[in-house]
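Participant: generate a structure from the sequence data that follows.
(chains A and B)
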Amino acid sequence: MNRFERSLGIRNLVCGSCNGCEHEMNALAGPDYDITALGWDIVASPRHADVITVTGPMTEAMEVPSQETVEAAARPRVIVAIGDCAVGTGAWSNDGSGAGTWLGAAVNVVGCPPSPAAIIDSLARAAKLL
Amino acid sequence: MSHQLLPLRDLKSRVLEEAQTSPLIGAFASDDSLSYLFLKPAGVYDLAAIVDGDASSCAAEWPLLAWDEREMHDERNIAFAGYPQPDPVVTGRGLTTVVVGPVHAGIIEPGRFTFTTSGEVVVNLEAQLQFSRRGVERRLEGLDAIAAARSIARICGGCSVSRSWSYARALEAIAGVTCDRSAELARVVLAELERLYNHLFDLASACSGAGFARGQMEGLRLKERVQRLCAQQGGHRFLFDTIVPGGVSESVLFERPALRSDVRALHGEIEAYGASLFATSSLVGRFERAGTVSAEVARAFGAVGPTSRASDGIIDVRVFSPYGAYGELQPVVATAREGDVSARVRVKYREALESLRLIDCVLEELGSARIANPHAIEPRNGHSIVATEGPRGAEITCVDVVEGRLHRLHVISASFRNWPIVVRAMEGNIIPDFPLVNKSFNLCYACADR
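Facilitator: Okay, here's the model as predicted:
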């Protein structure tokens, strides 16, 4: 059973991203980065999620829905801010704040957008926090 | 003449008259004026009026204007007399409403979709977007026009190059500067690489919408190859900031021989990919007659890009209103008539191959020639509206510069134009086909919401 303890269910939350980070998140499911080989998967319910990835600067319209997703996730869970906007340093971040700072991300990955390899690395860091 | 100012009372009749001969592409308001935009071979033409009373809505005659006029009303307080009332929500016995979003199960931008169904069949669909609205236009007002280019490249990741190009052309027109030939050629390579990775992603996504994993994986593999080429040739996997006002950034296309051999190899691989998709009868069976957009709907809603060209449209800005080096390159326009998922997939597949051909032609002409550094341009005062052909269609940027600063910016993206058509395409289809139909358009939310 130990082999499976680092398996991750990932739920993605898009909070005003330009879609660049989503392109790179989608690449994780492709043959070059194939995260299923690591025992990770993008899950269809926040209840199945160990990690919530968030992208974008946070928009007014996503404030409530994003918080509901985070609250709906089973504990323990880690929030990972993907990309400059979510970290708070991007083109559309609001005064140094992004969706990650807003929702209390424990792991940050910078880049506009970060590469798929950098995203995988951040998810591995998140797995160690669980 | 690219601009004509009319009395407000005459605007509607002139707009309707002009729309008989030139494609109507949108409308926007700036301070106290209101403009309706048309695409002409010489560029974007606008019919404008000073708003000194209620405007007359043109949305009943041209549904494509429904969002533009509503936006002008919401953002600029312009009243439109005769704005059509929304269709009554479908009511009836045995109808169920299914709402999904804004957070979705996969990696998808936020939107809320309300399906009204009699069981399986969708009798009505409403799309509520704007969850990604960052208010980029107002946020950029007052910024130095050159410095704003970096933010404009980040309004939408997947359309960054085409939007940067339209913004750069607008500033170059205001500054009265033309680009060097080598930079114009490099811009074609960058824009076609963007089209290529987007179209490959769209083919992969259409396969995923039909539950065809092999086609999805092969499409994602090819997309990744192109994005690695982007990183190699432009220093960025999405080519952000490679097209800049005055030319192209100084570090593009340094490894041209490698690019040329990769482009030729990719041509064969993409042909083989397409052949394998079109030979899979169970996949083609899902594509055909799904999500059909009639030529009439496409025209009335002002469809652009592959959405238009798969429904009997012919306009491709690269050919209809040529810019940069496209005039001589003469891209071959891919078209289809059926308007279904299959037609959109085939148009994008053929456009992907054509992008490779164009890149090859440009590399032939460029040889090992040095690409000129960007001109340091100084746009001081002026107004320019420019259209480029992005992966999803016409990317229109309306720019007003006062004393070197952005006074007004308005973005009419291909996705903004095409979204209302996705909703129409679902009528009569079953809910489980929504991912397939939706992904055959694969529109962005970021540049529709802005």
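
Participant: for chain A, what's its nearest residue on the stretch 301-450 of chain B.
Facilitator: Closest residue of the stretch 301-450 of chain B to chain A, C-beta to the nearest C-beta: B:A446 (4.7 Å). The way it works is simple: take the backbone N, C-alpha and C, and place the C-beta from them, glycine included.

Participant: who touches that residue in this structure?
Facilitator: A:16-19, B:109, B:132, B:155-157 (C-beta atoms under 8 Å, 6 or more residues apart in numbering or on different chains).

Participant: can you map out the strands along chain B?
Facilitator: B:3-6, B:24-30, B:33-40, B:43-50, B:55-56, B:80-81, B:96-100, B:112-117, B:122-128, B:243-244, B:247-248, B:382-390, B:393-402, B:405-412 (DSSP state E).

Participant: up against chain A, what does the stretch 351-450 of chain B have?
Facilitator: Selection of the stretch 351-450 of chain B residues close to chain A by C-beta under 8 Å from any C-beta of the partner chain yields B:444-446.

Participant: and those as JSON lines, adding distance to A:L38?
Facilitator: Below are those laid out as JSON lines (distance: C-beta to C-beta, whole Å):
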{"residue": "B:C444", "distance to A:L38": "29"}
{"residue": "B:Y445", "distance to A:L38": "29"}
{"residue": "B:A446", "distance to A:L38": "29"}
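
Participant: centre of the chain to stretch B:343-351, how far?
Facilitator: With C-alpha atoms, centre = their mean, to the nearest Å as the basis, stretch B:343-351 stands 15 Å off its chain's centre.

Participant: one more: stretch B:49-60?
Facilitator: 26 Å.

Participant: and the end-to-end length of it?
Facilitator: 20 Å (C-alpha to C-alpha, to the nearest Å).

Participant: report the longest helix in the chain, please.
Facilitator: In the absence of a named chain, this looks at chain A. helix A:116-129 (DSSP state H).

Participant: if you could check chain B rather than the one you did, that'd help
Facilitator: Longest helix in chain B, counting by DSSP H: helix B:181-209.

Participant: that helix - what's its average pLDDT?
Facilitator: Mean pLDDT, computed over helix B:181-209, is 97.

Participant: helices and strands around it, which ones?
Facilitator: helix B:160-175, helix B:213-234, strand B:243-244, strand B:247-248, helix B:256-278, helix B:341-366, strand B:382-390, helix B:434-441 (3 or more C-beta pairs under 8 Å, 6 or more residues apart in numbering or on different chains; DSSP states H and E).

Participant: switch the cut-off to 6 Å
Facilitator: helix B:160-175, helix B:213-234, strand B:247-248, helix B:341-366, helix B:434-441 (3 or more C-beta pairs under 6 Å, 6 or more residues apart in numbering or on different chains; DSSP states H and E).

Participant: re the thing from before, check whether the longest helix of chain A contacts chain B.
Facilitator: No: using C-beta under 6 Å from any C-beta of the partner chain, helix A:116-129 stays clear of chain B, coming no nearer than 8.3 Å.

Participant: so that helix versus helix B:213-234, what angle?
Facilitator: Angle of helix A:116-129 versus helix B:213-234, following axes from the mean of the first three to the mean of the last three C-alpha atoms, to 10 degrees, is 110 degrees.

Participant: excluding chain neighbours, give the residue nearest to the residue of the stretch 201-350 of chain B found nearest chain A in space.
Facilitator: Nearest residue of the stretch 201-350 of chain B to chain A, counting by C-beta to the nearest C-beta: B:L220, 3.2 Å away. Excluding its sequence neighbours, the residue lying closest to B:L220 (C-beta to C-beta, 6 or more residues apart in numbering or on different chains) is A:G30, at 3.2 Å.

Participant: before we move on, the earlier item: in JSON lines, list the strands of chain B along with distance to B:Q227, mean neighbour count and mean pLDDT.
Facilitator: Output for the strands of chain B, formatted as JSON lines (distance: least, C-beta to C-beta, whole Å; neighbours: other C-beta atoms under 10 Å in any protein chain shown; pLDDT from 0 to 100):
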{"stretch": "strand B:3-6", "distance to B:Q227": "39", "mean neighbour count": "14", "mean pLDDT": "92"}
{"stretch": "strand B:24-30", "distance to B:Q227": "30", "mean neighbour count": "24", "mean pLDDT": "94"}
{"stretch": "strand B:33-40", "distance to B:Q227": "30", "mean neighbour count": "22", "mean pLDDT": "96"}
{"stretch": "strand B:43-50", "distance to B:Q227": "31", "mean neighbour count": "21", "mean pLDDT": "95"}
{"stretch": "strand B:55-56", "distance to B:Q227": "44", "mean neighbour count": "20", "mean pLDDT": "95"}
{"stretch": "strand B:80-81", "distance to B:Q227": "43", "mean neighbour count": "14", "mean pLDDT": "94"}
{"stretch": "strand B:96-100", "distance to B:Q227": "29", "mean neighbour count": "12", "mean pLDDT": "87"}
{"stretch": "strand B:112-117", "distance to B:Q227": "29", "mean neighbour count": "18", "mean pLDDT": "89"}
{"stretch": "strand B:122-128", "distance to B:Q227": "29", "mean neighbour count": "18", "mean pLDDT": "88"}
{"stretch": "strand B:243-244", "distance to B:Q227": "17", "mean neighbour count": "28", "mean pLDDT": "97"}
{"stretch": "strand B:247-248", "distance to B:Q227": "19", "mean neighbour count": "28", "mean pLDDT": "96"}
{"stretch": "strand B:382-390", "distance to B:Q227": "17", "mean neighbour count": "25", "mean pLDDT": "97"}
{"stretch": "strand B:393-402", "distance to B:Q227": "20", "mean neighbour count": "25", "mean pLDDT": "97"}
{"stretch": "strand B:405-412", "distance to B:Q227": "24", "mean neighbour count": "22", "mean pLDDT": "96"}
